[in-house]
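Novice: What shape does this take:
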Amino acid sequence: MNTIAQIFVVLAGVFHLAVFAMESLVFMKPSTYKRFGIPTEAEATISKPWAFNQGFYNLFLALGALGGLVAGGDKGHAISLFACACMAGAGVVLVASNRRMAQSAALQAGPPIIALVLAAVL
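Specialist: Modelled structure (predicted):
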């Protein structure tokens, strides 16, 4: 995998680590749950279990992307690209389920899609 594609894999992984932190570690801060469209603490408390679980999905995707780069070689890079494909797919599902989430979907899916394209063409 070329260096430019690897940079976008890293960006995708770091983004998903940040989302893990928001969803699983600091979700109950008003600034965090409001970022996810949850208006009240009561609703955030109800949503906390799914957010915690969702955060770990993001952590595992990040670990796949970044761990594959660290492992290197064809197999490691394949793991990174698979994680990127999953990230991209999740972004597509997000925008398909709620058009108002287009900006969040672009942030989630943009870097991994760029990584996939660059890995394929360079």
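
Novice: Output the longest helix belonging to this structure.
Specialist: Ranked by number of residues, the top helix in the chain under DSSP state H is helix 41-71.

Novice: Does anything pack onto it? Which helices or strands?
Specialist: For helix 41-71, the packing partners by 3 or more Cβ pairs under 8 Å, 6 or more residues apart in numbering; DSSP states H and E come out as helix 3-20, helix 30-35, helix 73-97. Every residue, glycine included, has its C-beta placed from N, CA and C.

Novice: Could you give the average pLDDT over the longest one?
Specialist: Taken as a whole, helix 73-97 carries a mean pLDDT of 97.

Novice: swap in the first one?
Specialist: For helix 3-20, mean pLDDT is 98.

Novice: for the second one, same thing?
Specialist: If you average the pLDDT over helix 30-35, you get 97.

Novice: Show me what that helix is packed up against.
Specialist: In terms of contact count using 3+ Cβ pairs under 8 Å, 6+ apart, helix 30-35 is assigned the packing partners helix 41-71.

Novice: sorry, back to before: could you save the helices and strands packed on helix 41-71 as TSV and add columns showing distance to residue 122?
Specialist: Output for the helices and strands packed on helix 41-71, formatted as TSV (distance: least, Cβ to Cβ, whole Å):
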stretch	distance to residue 122
helix 3-20	7
helix 30-35	35
helix 73-97	13
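
Novice: among those helices, which is nearest residue 107?
Specialist: When the helices and strands packed on helix 41-71 are compared for distance to residue 107 using Cβ to Cβ, the nearest one is helix 3-20, at 6.7 Å.

Novice: Just want the angle from that closest one to helix 73-97.
Specialist: Going by axes from the mean of the first three to the mean of the last three Cα atoms, to 10 degrees, helix 3-20 is angled at 50 degrees with respect to helix 73-97.
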